[in-house]
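>>> Dropping the sequence and predicted coords here.
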Amino acid sequence: MTNPAPRVRHHRKKQSRRRRLPMRYMLPFLFLVALLAMLMLRGYVHSEILADHRIQPPAATDRVPEQVLEGGPVIDARSATEPAETLRIPDHRIVLTFDDGPDPVWTPRVLDELKKYHAHGVFFVTGTMASRYPDLVERMVEEGHEVGLHTFNHPDLSYQSTDRIDWELSQNQLALAGAAGIRTSLFRPPYSSFVDAMDDKSWPVTQYVGSRGYLTVVNNTDSEDWKRPGVDAIIDRATPEHGDGAVILMHDSGGDRSQTVTALGKFLPAMQERGYEFDNLTAALGAPSAHTPVTGYALWKGKAFVYAVQVSEHLTDVMVAGLAVVGVLVLARFGLMLLLSFAHARRVRGRDFSWGEPLTRPVSVLVPAYNESKCIANTVRSLVASDYPLEVIVIDDGSTDGTADLVDRMRLPGVRVVRQRNAGKPAALNNGIAHARHDIIVMMDGDTVFEPSTVRELVQPFADPRVGAVAGNAKVGNRDSLIGAWQHIEYVMGFNLDRRMYDMLRCMPTIPGAVGAFRRDALNRIGGMSDDTLAEDTDVTMALHRDGWRVVYAENARAWTEAPESVQQLWSQRYRWSYGTMQAIWKHRRAVIERGPSGRFGRVGLPFVALFMVVAPLLAPLIDVFLLYGLVFGPTEKTVVAWLGVLAVQAVCAAYAFRLDRERMTHLLSLPLQQILYRQLMYVVLLQSWITALTGGRLRWQKLRRTGVVEAPRALPSQGTGRSTDRRPVA
């Protein structure tokens, strides 16, 4: 009888592998969730979420007790059995109250004036401002002032349910606990005024708040400083008559409070000379302090909340700075791309331009292949149809699908197969170089097809002895699907337009694996293809620059490659590209401090590559983040206009790139959708690559599943016709 234990263990191990989410996937997800949470928190503390700005019109007063309407400005409705009572401030006592703060500009100036004249007051703070500026709340308490609640988001509570009222009070207390480690029993309703203004809408709120243990404080003297009537008018309206005590309403936030600060500088000493004292509310009433220390879990909960608010505030500042940086980088890149691409096209398309005497000597074409049975036949046939003398070497890297046997059975002239154990693409290319008979080496992928003129166009720049490598024009063959069309836009605009720019700057970072050519001597001098990084094409290109070779772009050397047709395949490919590029930059980092050609590339090429291929794409999501933030929280119109402006700039560059490559403009109709969907995937891939690099992760080679839809081109029109034809060699 067979023992089922090994099978069970294997099944459990398989299930365990399925359940475990790799850290490189989890960290980007957690980062995006945290970013969203911080933005939501910022919107909350800026009254952009859950804010209610309705104000109740005056209502009847028949349900408000007469003793309240005719009483003092302090309402005590805390007793469940006794009727509410009101309290008045004793004669020659003034309780200065300041609403809507703290404000980072005006509150410190108000505190300075109070400190100068040894006066105290009550600050009715909102939770939004207290959590954003906790140091000011702490200063209020340390300098002996009292703090009261003014709700969290400043809504008119007469519109709110009891649950919302409780939420406003508890969140306001949470902010106070985190800022100063206290609770308070003082409360002032937003939009309140004199006690005789209490009506049938606001009185039930006062009763409910009293049942929660709060004293409701309105005022009996209004400076009306919020109207900014002038310093003298503020002083006149704030001055009580006949030596009466008063609760005076002022503001330390909500706009320009310069008149309030100036008025305090005159009002405080003048009233002190008349025998008035400026006290806290409880001191003026002879009652215990309104403050209660917060300890334990409530204290740490408050501190955690305030800390989170601070992080969200600083995160937004960082994001704004990052948006400015990415804006400069994007505009600089687009400007350079347009200017230098125009200069490149004008130079290489000029009638007098020539690389030198036309080359006619044979070249070796290397085709590394691993399980490319669906594509390799089209690839090899396209090479045999070339109008330039060449030999074809297919290096089979341990394929298990009969790739090498398929090529052998084709029995095509000038085509050889070299077999090796699976060792990776760099090893396969080095093996091919060792078997090559000629001095110029053309490299291509096993899923790519060449036009008949591709090799001839690709090798002509080697007539210049300074040229060590040539980049061809890689194009997407399977562009009929939406994801293929998006990659087509990316190839034409993001890759080929970039290569024109980098060619002019003499710092091209990558010879595409799909179509590139190298001088054998140049490869030998740098030690051939390296497997130090996952982007061997970028690695070898940077090494050639550092060795003093020129790397140029041949726009007419077109190659048709099969782009990934699923999100998973695209993710795998771009993850390897971006991570490999980071590895290559790190590997060649010493070029920055070296001299000669290496130093020139290090101080010109590496910064360009790092800025435009790593930093700018990583920061570019801020454009979309602020679009979403603006759509949700406003200002919506300005946000949409700004985003459309960025899209318009990209559309101009894309249209120019398509014109240079003589591609159909109809593919650009999907550009807006590409910016909304496809670009987000590229952001997450790059973020994942950063995390893998920072955590020291290793990324193995990931083989993409091919379909073999890209066939050898037939009767393709000449580049010089100028007609906008679709040259897709696709089945």
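Great, that's in hand. Bear in mind that the values here come from a model prediction, so they are computed numbers and not experimental data.
>>> Mind giving me the packing neighbours of the longest strand belonging to the chain?
When the chain is parsed with DSSP state E, its longest strand is strand 550-561. When contacts are defined as 3 or more Cβ pairs under 8 Å, 6 or more residues apart in numbering; DSSP states H and E, strand 550-561 sits against helix 296-348, strand 448-450, helix 454-459, strand 467-476, helix 497-505, helix 536-546. Where C-beta positions appear, they are placed from N, C-alpha and C, glycine not excepted.
>>> what pLDDT, on average, does it get?
Strand 550-561 shows a mean pLDDT of 93.
>>> CA atoms only: put it into CSV for me.
Output in CSV follows, covering the C-alpha atoms of strand 550-561 (Å, rounded to 0.1, in the frame of the first residue of the first chain):
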residue,chain,number,x,y,z
ARG,A,550,30.4,56.0,-29.6
VAL,A,551,27.0,54.4,-29.5
VAL,A,552,24.6,55.7,-32.1
TYR,A,553,21.0,55.1,-33.3
ALA,A,554,20.0,53.8,-36.7
GLU,A,555,16.3,54.8,-37.2
ASN,A,556,15.9,52.8,-40.4
ALA,A,557,17.1,49.5,-38.9
ARG,A,558,13.6,48.3,-38.0
ALA,A,559,12.9,45.2,-36.1
TRP,A,560,9.5,43.8,-35.2
THR,A,561,9.2,42.2,-31.8
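>>> mind checking how far stretch 290-298 is from the chain centre?
38 Å (Cα atoms, centre = their mean, to the nearest Å).
>>> And the helices and strands packed on strand 550-561: which comes nearest Gly645?
helix 296-348 (10.4 Å; Cβ to Cβ).
>>> which residues touch the residue of the chain positioned farthest from its centre?
Largest separation from the mean C-alpha position in the chain: His242, at 62.0 Å (Cα atoms, centre = their mean). The neighbourhood of His242, defined by Cβ atoms under 8 Å, 6 or more residues apart in numbering, contains no residues.
>>> What residues of the one helix or strand Val641 maps to count as buried?
For Val641, the enclosing helix or strand under DSSP states H and E is helix 636-660. Across helix 636-660, burial judged by 16 or more other Cβ atoms under 10 Å covers 639, 642-643, 646-647, 650-651, 653-654, 656-658, 660.
>>> got it, and stretch 659-678?
Leu660, Asp661, Arg662, Glu663, His667, Leu668, Ser670, Leu671, Gln674, Gln675, Tyr678.
>>> before we move on, what about stretch 371-391?
Counting neighbours by 16+ other Cβ under 10 Å, one finds that the buried residues in stretch 371-391 are 371-383, 386, 388, 390-391.
>>> CSV for the buried residues of helix 636-660, including pLDDT?
Formatted as CSV, the buried residues of helix 636-660 follow (pLDDT from 0 to 100):
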residue, pLDDT
Thr639, 75
Ala642, 77
Trp643, 78
Val646, 78
Leu647, 82
Gln650, 82
Ala651, 87
Cys653, 86
Ala654, 86
Tyr656, 88
Ala657, 88
Phe658, 89
Leu660, 87
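>>> Widest-spaced pair of those residues?
Going by Cβ to Cβ, the pair spanning the buried residues of helix 636-660 furthest: Thr639 and Leu660, at 32.4 Å.
>>> Quick check: Trp577 is in a strand.
No: counting by DSSP: H, G, I helix; E, B strand; the rest coil, Trp577 falls outside a strand, being helix.
>>> Let me know whether it touches Ala535 as I believe.
Yes: contact criterion Cβ atoms under 8 Å: Trp577 and Ala535 qualify, at 6.2 Å.
>>> Which of the two has more residues huddled nearby?
Ala535 (23 against 20; other Cβ atoms under 10 Å).
>>> now the more buried one: how far from Ser202?
Separation of Ala535 from Ser202 (Cβ to Cβ, to the nearest Å): 68 Å.
>>> same deal with Asp498?
65 Å.
>>> Arg409 too?
From Arg409 to Ser202 the distance is 92 Å (Cβ to Cβ).
>>> And those two? Which one has more around it.
For Arg409 versus Ser202, neighbours defined as other Cβ under 10 Å are more numerous around Ser202 (23 against 10).
>>> so who does that one touch?
Gln56, Ala59, Leu157, Ser158, Pro189, Ser192.
>>> Please verify my assumption that the fourth one contacts Thr206.
When you say that, I think you mean Ser158. No: using Cβ under 8 Å, Ser158 is not in contact with Thr206, being 9.9 Å away.
>>> More neighbours: which of the two?
Neighbour count, other Cβ under 10 Å: between Ser158 and Thr206, Thr206 has more, with 24 against 21.
>>> can you tell me the helix or strand for the more buried one?
Going by DSSP H and E, Thr206 is in helix 203-211.
>>> And for whatever helix or strand comes next after that helix, what's in contact with it?
Later in the chain than helix 203-211, the nearest helix or strand by DSSP H and E is strand 215-217. Under the contact criterion Cβ under 8 Å, 6+ apart, strand 215-217 has outside partners 73-78, 97, 122, 124, 148, 185-189, 206, 209-210, 247, 281, 290.
>>> at 6 Å what do you get?
Contact with strand 215-217 is made by Val74, Ile75, Asp76, Ser185, Leu186, Phe187, Arg188, Thr206, Val209, as judged by Cβ atoms under 6 Å, 6 or more residues apart in numbering.
>>> ok, now how distant is the last one from His154?
This points to Val209. 15 Å.
>>> got JSON lines for the helices and strands packed on strand 550-561, with distance to Gln487, mean pLDDT and mean neighbour count too?
Shown next, in JSON lines, are these (distance: least, Cβ to Cβ, whole Å; pLDDT from 0 to 100; neighbours: other Cβ atoms under 10 Å):
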{"stretch": "helix 296-348", "distance to Gln487": "19", "mean pLDDT": "87", "mean neighbour count": "16"}
{"stretch": "strand 448-450", "distance to Gln487": "14", "mean pLDDT": "94", "mean neighbour count": "28"}
{"stretch": "helix 454-459", "distance to Gln487": "20", "mean pLDDT": "96", "mean neighbour count": "26"}
{"stretch": "strand 467-476", "distance to Gln487": "5", "mean pLDDT": "94", "mean neighbour count": "26"}
{"stretch": "helix 497-505", "distance to Gln487": "15", "mean pLDDT": "90", "mean neighbour count": "22"}
{"stretch": "helix 536-546", "distance to Gln487": "17", "mean pLDDT": "94", "mean neighbour count": "26"}
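>>> Select, out of those, the one closest to Gln272.
Per Cβ to Cβ, nearest to Gln272 of these: helix 296-348, 35.4 Å.
>>> Quick check: pLDDT value at Trp701.
44.
>>> Oops, could you answer that again for Arg659 instead?
88.
>>> What of Lys266?
Predicted confidence (pLDDT) for Lys266: 97.
>>> Distance of the residue nearest to it when sequence neighbours are not counted relative to Val394?
Counting by Cβ to Cβ, 6 or more residues apart in numbering, Ile235 is the residue found nearest to Lys266 once chain neighbours are left out, at 6.1 Å. As for Ile235, its distance to Val394 is 94 Å (criterion: Cβ to Cβ).
>>> likewise Ser131?
Ser131 sits 66 Å away from Val394, going by Cβ to Cβ.
>>> what sits up against the longest strand of the chain?
Here strand 550-561 makes contact (Cβ under 6 Å, 6+ apart) with 448-451, 454, 457-458, 461, 466-467, 469-475, 477, 499, 503, 508, 514-515, 541, 544, 710, 719, 729.
>>> Now do the SS call for the closest residue to Lys425 other than its chain neighbours.
Leaving aside its sequence neighbours, Lys425 sits nearest to Pro368 (Cβ to Cβ, 6+ apart; 5.2 Å). Following three-state DSSP, the label given to Pro368 is strand.
>>> neighbours around Pro368, how many?
Neighbour tally, Pro368, other Cβ under 10 Å: 27.
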